[in-house]
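Enquirer: pasted the sequence and its predicted model underneath.
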Amino acid sequence: MASSKAEPSANKQVDQPKEVDDVQQLPKTTPAGMSANPLKTGETGGLPQEHHGDSQDPLKVTDIEDTISRIPRAEPETLTPDEDLIVIIGRHEEAIQRRWMQKSKSKRKALLLQVWPGMPSSHRPEIELWRTKFEPGSSLDLSPFKWPYMNLEDLSKTEPLLLLLNSRARFTPDYFTYFDLLSTSFGLKVECTAPGVLEHHFMMFRSRRTPETYGQLYSSEKPFGAESDVATDPTRLWYTAGEGLWVMEIQDRLYSFLVQCCEAILHDVPPELLMPPDDDHLPIRPKSPTMSSSVNSEGIKNAAVASFENLYDAPRNADFFRLASLVKAMQASAEDHLWSLRENPGYLAMNLSLAVDHSIYRLPDVADQHHPLFARNKQDIFWGRIFSEVIGDALSCVDIFGVMYDKITRLCRLLHWENKVSIDKDLPPLLAKALFEFQYSAIRALYSVSYDERFLKSVYGSPPLKMNYRREIPDPDDYDVIQVRPLVPANPNKARDDVEFFFETMGDKYLHFCLSNTGLLDELELLIQRQPAAKAFISSLVADRLATLGMLCECVKQCQLFQPWIIGYEPYQIRYDDELNNDYHDAFMENENLGKLEEDQYWSSLANIIKDRSGSAYVRAARQRRCKESVETMRAAEASVDEFWTKVISTMKRVDAISLRVEEVFARRLKRTEVWIEPANTPKRPGPPEKGKGKGKAKDDAAVLPQFDQLILEARALNEEILKKEKEEASGTSPSFQVDKRTLKVFNALFYDENAGYQQGDIAWKEFVHAMMAVGFSAEKLYGSAWYFFKPSDSEDTQDTQSIIFHEPYMAGKLPFEVHQHYARRLTKTYGWDRETFTLAASFGK
């Protein structure tokens, strides 16, 4: 990691890009005044030294002249490798792109091996090398720890090499200094490699763009003048000499490799045409859209693929306004999920069933025995814990994303007021405070979710993986302590083994730290891209929780992209730790009070209120044409759910475990099945009165109905009028779409006619995505099950109010009835859509 030297002020700046997603990866900072070794490399509690295997001997550099001699410098009157690259790409980029795209994968690999002999073959070669557990003193090549993204599997694809050529030619080397050093963080964390040490010396890179000044070596023991750029540098971004040498070694080989790649691709171009003497540098073209595979042929963007390509592209800038839209959509998704648990008996039953299927208590032990909770006298306790888990998770998500949205909204508002912040000035105090509080809350929330034991246990108990795990035999006196043992699978399956390795790594705190949350999520999504069969081993419930993790990772990542100002986070955290901690606990106080409700006796008594826990009777009735029996079944299920939630909400208020945002969710108007009224017989067409009958005035049709039923009909008409007004207010204007047959079929199934005489089928996820895109939404696959649907805003600094997040059903690939009923209600609430919103376009016929 870079040795960053920052003032204790929260606002000091650094002009280097970073890609950090964990608090442990933040640069270590010290007060003003140069220390001999800002990262304490080689010292107790400091950065580890480079070693092979278990050797702990530091690689010390003690001779200053030797250090200076190791700094790569170009000969006078010659171009450096990065300048060579600028000349070649400026003149020949189009030809290089065309030739590279025309090459087969085997020819690309042959060219890469020609230029970089022995290039590792697989993705993330440093992880594979580390997993070999090499012996001390072995002669293994440790270069993958320095160039982890240089491998045949990735570079033989179309985009990565072209992105790397374009970005390194468009931006000067100092723009990548921090990024190049940060890419080696895995080797540092697992203590397989580290830079050397030269005490009392440091190097500088930022804004140094000549061979003489780039990576210039300074002594911290010699005073430098007040006018020196070292003394006046506002960011104090100084690197230890060992780190600086490491950066220059990484960049020197990388730029030489890129130049040689260009020469090999343009092998038939004479040198005098490849790099004409005294050439004026031509401007490098911006990145071409064809150089990215993050958007597929259907126009769907994949966040994990974009994150992978960023390894080869120039570091991005933070986009807090887009992040605000993402968090807002995730908050709305969490709130609507909680409301459907409150309102819809079928949806509640479906989520209870998912929790049961993933329960670690259902996992047999090594003796193939059931957990003690399945004894006859303890099943109520089991069901109480299932209810507690489902409701607790829903409440937690509402609070987490509610807090994060409040903080990101404040940050965006301050950024909007400040318009543009200057790199030469400190951040305004209020803006710095908002930034660091958001960063702190995101990190705390991320770790509370990622290290939640219930999440990992639900993975081991998930239907696609449970056959490969067993519980240890529990202690009879404390059967709540559960240990899980992996089994050796009878039938090897690479996709399943890779998925299991991913989750077992998440369960290992040391490996979790080494690979980071974002790194783990990226690797899982890329694994699914490389091996689609891996998706079958991730259940919908696990994918939903990965989506929560992914959104919190995105919050932290965007903070770390806010360069150079995020460098002030750590000194701010140290200085205001108590204040930040108190603010966090205050924000989540009600959620923490939920722990007071986690009593087996309390939840088991409430669980008994719900008689039809499977929800099968309600769902069966809801999917049928309305009749007296189906209506009575639905109303009975709704009454038991109402009784259950009334008691839950009452208790939550009593123990102060209901936040304002949760209370607002529960304040929504319930949609309940109306009392059944027998339909009146169709009146006959009036004819001449029969002889001796029908004298006097004819009766009205409505008079046939009893007076009580007439009042119900009037109340129902009033409710429909209220619903219509609410729909118009939600959408602003009455929406209308003319669509094709494929799209109309999806929306007709979503907004089904309750009085129809046919069963409602499941909706394929790809059909749902197609339908949303057909009415003007763009789609982006986020992490886990989350998909982000949005309509691009005309203004870059405004939050998109048209965005919504839906969750893809893993394994089955279809939306069950309970889910598309839930999604239909969300679309009605958000956009005012209903069945009449969509009609078949005239061009598609009847």
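Expert: Arrived safely. Numbering: from 1, shown residues only.

Enquirer: got the contact list for stretch 613-631?
Expert: Applying CB atoms under 8 Å, 6 or more residues apart in numbering, the contact partners of stretch 613-631 are 345-346, 348-350, 352-353, 383, 607, 612, 633-634, 637, 673-676, 678, 754-757, 759-760, 817-818, 821. Heads up, the C-betas are built off the backbone N, CA and C, glycines and all.

Enquirer: weed out the non-buried ones from those.
Expert: For the contacts of stretch 613-631, a neighbour count by 16 or more other CB atoms under 10 Å gives the buried set as 345-346, 348-350, 352-353, 383, 607, 612, 633-634, 637, 673, 676, 760, 817-818, 821.

Enquirer: quick one: which of the residues you listed sit in helices?
Expert: If you go by DSSP state H, these have 345-346, 348-350, 352-353, 383, 607, 633-634, 637, 817-818, 821 in helices.

Enquirer: ok, residue 809 touching residue 815?
Expert: Yes - at 5.9 Å, residue 809 counts as touching residue 815 under the criterion of CB atoms under 8 Å.

Enquirer: so between the two, which is more surrounded?
Expert: Shown here are residue 809 and residue 815; by other CB atoms under 10 Å, residue 815 has more neighbours (25 against 22).

Enquirer: quickly note the distance from the more buried one to residue 355.
Expert: As judged by CB to CB, to the nearest Å, residue 815 and residue 355 stand 19 Å apart.

Enquirer: and what of residue 107?
Expert: To residue 355, residue 107 is 52 Å away according to CB to CB.

Enquirer: same question for residue 210.
Expert: 63 Å.

Enquirer: same check on residue 434?
Expert: From residue 434 to residue 355 the distance is 37 Å (CB to CB).

Enquirer: phi, psi of residue 485?
Expert: phi -120, psi 130 (degrees, to the nearest 10).

Enquirer: does it touch residue 468 like I think?
Expert: No - the criterion here is CB under 8 Å, and residue 485 misses it with residue 468 at 10.1 Å.

Enquirer: for residue 298, grab the count of nearby residues.
Expert: By other CB under 10 Å, neighbour count at residue 298 equals 10.

Enquirer: let me redo that: residue 277
Expert: Residue 277 has 6 nearby residues by other CB under 10 Å.

Enquirer: where's it, which helix or strand?
Expert: Counting by DSSP states H and E, there is no helix or strand that carries residue 277.

Enquirer: of residue 107 and residue 355, which one has the most company?
Expert: More crowded of residue 107 and residue 355, by other CB under 10 Å: residue 355, with 20 against 12.

Enquirer: so residue 443 is in contact with residue 556, correct?
Expert: Yes - using CB under 8 Å, residue 443 makes contact with residue 556 at a distance of 5.9 Å.

Enquirer: thought residue 266 was touching residue 95, still the case?
Expert: Yes - contact status for residue 95 versus residue 266: in contact at 6.6 Å, counting by CB under 8 Å.

Enquirer: higher neighbour count, the two?
Expert: Taking other CB under 10 Å, residue 95 and residue 266 do not tie; residue 266 has more neighbours (17 against 13).

Enquirer: phi, psi for the more buried one please.
Expert: With angles defined as degrees, to the nearest 10, residue 266 sits at phi -100, psi 50.

Enquirer: separation between it and residue 170?
Expert: Computed with CB to CB, the distance linking residue 266 and residue 170 is 19 Å.

Enquirer: which non-adjacent residue is nearest residue 509?
Expert: Leaving out its chain neighbours, the residue that sits closest to residue 509 by CB to CB, 6 or more residues apart in numbering is residue 451, at 7.1 Å.

Enquirer: what about that neighbour, neighbour count?
Expert: Around residue 451 there are 13 residues (other CB under 10 Å).

Enquirer: any idea how far residue 363 is from it?
Expert: Look at residue 451 and residue 363: by CB to CB, they are 21 Å apart.

Enquirer: try residue 814
Expert: In this structure, residue 814 and residue 363 are 27 Å apart, going by CB to CB.

Enquirer: who has more neighbours, the two?
Expert: Ranked by neighbour count (other CB under 10 Å), residue 814 and residue 363 place residue 363 first, with 20 against 16.

Enquirer: pretty sure that one sits against residue 484.
Expert: Yes - in this structure, residue 363 is within contact of residue 484 by CB under 8 Å, at 7.4 Å.

Enquirer: what touches both of the two?
Expert: Taking CB under 8 Å, 6+ apart as the criterion, residue 363 and residue 484 both touch 460, 469-471.

Enquirer: spatially central residue for the chain, please.
Expert: In the chain, the centroid-proximal residue (CA atoms, centre = their mean) is residue 550; its distance is 2.1 Å.

Enquirer: quick check: that residue touching residue 787?
Expert: No - using CB under 8 Å, residue 550 is not in contact with residue 787, being 11.5 Å away.

Enquirer: common neighbours of those two, please.
Expert: What both residue 550 and residue 787 touch, as defined by CB under 8 Å, 6+ apart, is an empty set.

Enquirer: apart from its neighbours in sequence, what residue is nearest residue 316?
Expert: Distances taken as CB to CB, 6+ apart put residue 561 closest to residue 316, at 5.9 Å, once the chain neighbours are dropped.

Enquirer: hang on, the one you found packs against residue 314?
Expert: No - under the criterion of CB under 8 Å, residue 561 makes no contact with residue 314, lying 11.7 Å away.

Enquirer: related to what we said a few turns ago, confidence score at the residue nearest to the centre of the chain?
Expert: On pLDDT, residue 550 comes in at 94.

Enquirer: so what's it up against?
Expert: Counting by CB under 8 Å, 6+ apart, residue 550 touches 303, 521, 782-784, 786.

Enquirer: at 7 Å what do you get?
Expert: 521, 782-784, 786 (CB atoms under 7 Å, 6 or more residues apart in numbering).

Enquirer: and for residue 807?
Expert: If a contact means CB under 7 Å, 6+ apart, then residue 807 has 544, 547, 785-786 as its contacts.

Enquirer: so which of those residues are in strands?
Expert: Residues from these lying in strands, with DSSP state E as the criterion: residue 786.

Enquirer: which one of the contacts of residue 807 is nearest residue 320?
Expert: Comparing those against residue 320 with CB to CB places residue 786 closest, at 19.1 Å.
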